[in-house]
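Student: sharing a model that was predicted from the sequence below.
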Amino acid sequence: MRVRIVRHHTLYGTGDDADEPLIAEDQSQETYYVLYQVAGSSVSWAGGASASSLDEASSLAELALGLTLKWGAA
């Protein structure tokens with residue numbers, strides 16, 4: 001499984017009106033998304049987490065995959 005961390009300018013909200021506005025609505029802020037390659041596919045990626053820094057996103061990926069995660073250059 002491959003892992004990517006992508007920097008984006010938007011923290012996407014849930015879109016659920018039952019949630020508080022800060023959770024439901026998109027926020028304009030630097031966000032790092034952790035993406036995992038879908039098993040058996042060379043092109044599909046699925047989101048796994050979002051973070052406010054690259055270090056935090058890296059830690060989330062390491063927590064999810066444990067010692068099996070090996071970082072390399074893209």
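Tutor: Yep, it's here. Numbers count the residues shown, from 1 in each chain.

Student: all contacts plus neighbour counts: C-alpha atoms, from now on.
Tutor: Fine.

Student: on the three-state scheme, the residue lying closest to S28 once chain neighbours are set aside is what?
Tutor: Of all residues not flanking S28 in the chain, T10 sits nearest, at 4.8 Å (C-alpha to C-alpha, 6 or more residues apart in numbering). Following DSSP: H, G, I helix; E, B strand; the rest coil, we place T10 in the strand state.

Student: burial count for T10?
Tutor: By the criterion of other C-alpha atoms under 10 Å, T10 has 13 neighbours.

Student: what do you get for D17?
Tutor: So D17, with other C-alpha under 10 Å, has 10 neighbours.

Student: got the buried residues for the longest strand seen in the chain?
Tutor: The longest strand of the chain (DSSP state E) is strand 27-37. For strand 27-37, burial by neighbour count (16 or more other C-alpha atoms under 10 Å) applies to 31-37.

Student: what's the closest of these to S58?
Tutor: Nearest to S58 among these: V34, at 7.9 Å, using C-alpha to C-alpha.

Student: could you pull out the helices for this protein?
Tutor: 21-24, 54-65 (DSSP state H).

Student: who's in contact with S52?
Tutor: For S52, the contact set (C-alpha atoms under 8 Å, 6 or more residues apart in numbering) comprises 30-32.

Student: noted, bye for now.
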